[in-house]
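Novice: requesting a structural model of the entry that follows:
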Amino acid sequence: MMAPSASARAEGTLLGRYSEAGDTAVEGNAVGLHSLARAARAERAFIKLSTSGDGPEPYDGFLQEVSVEPGEGKIRITRDGSRLFIRGGLEAKALLADNVELLADADPESGGHLHIDYHPDHFYLDATSEPLVIERITP
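Specialist: From the prediction side, this is the model:
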């Protein structure tokens, strides 16, 4: 039996936006958020993000990709231009992935989102990590 083609699989959506003021947001449907969680669990991964036909407002631009890279210890989330980087140890990245999966599996009508912001004694984010909002959208 052949594996289903990409067009036969459920469509995942991930869209990212950023502002020059330092705000970064990624939104996705359940399939897209599960893809993000799988990438976050990996030692190294790359996700190309969708772009909308609409403008990025109220943000300044669209993110083009998420790059997950190896590191040690706590996660450091940064943005360079239109690229979002997630660097850190596998254990810390797994905690982020757990949170993204919970959001992906939440009731789509709940309007759920996560604020990934550092605070003192944060258990998986490095103090130099930039804030990130991840939002669940309906299909």
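Novice: which stretches of the protein form helices?
Specialist: 30-41, 90-105 (DSSP state H).
Novice: as CSV, the ones you listed with mean pLDDT and mean neighbour count would be great.
Specialist: Just so you know, the C-beta spots here come from the backbone N, C-alpha and C atoms, and that holds for glycine as well. Formatted as CSV, the helices of the chain follow (pLDDT from 0 to 100; neighbours: other CB atoms under 10 Å):
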stretch, mean pLDDT, mean neighbour count
helix 30-41, 96, 21
helix 90-105, 96, 18
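Novice: and those helices: which comes nearest Ser52?
Specialist: Taking CB to CB, helix 30-41 is the member of the helices of the chain nearest to Ser52, at 13.2 Å.
Novice: what packs against the closest one?
Specialist: Packing partners of helix 30-41 (3 or more CB pairs under 8 Å, 6 or more residues apart in numbering; DSSP states H and E): strand 14-18, strand 24-28, strand 45-48, strand 65-70, helix 90-105, strand 132-136.
Novice: so where's the protein uncertain?
Specialist: Within the chain, the stretches with pLDDT under 70 are 1-10, 139.
Novice: so Asn71 touches Gly89, yeah?
Specialist: Asn isn't right for residue 71; it's Gly. Yes - Gly71 lies in contact with Gly89 (CB atoms under 8 Å); the separation is 6.1 Å.
Novice: great, nothing more from me.
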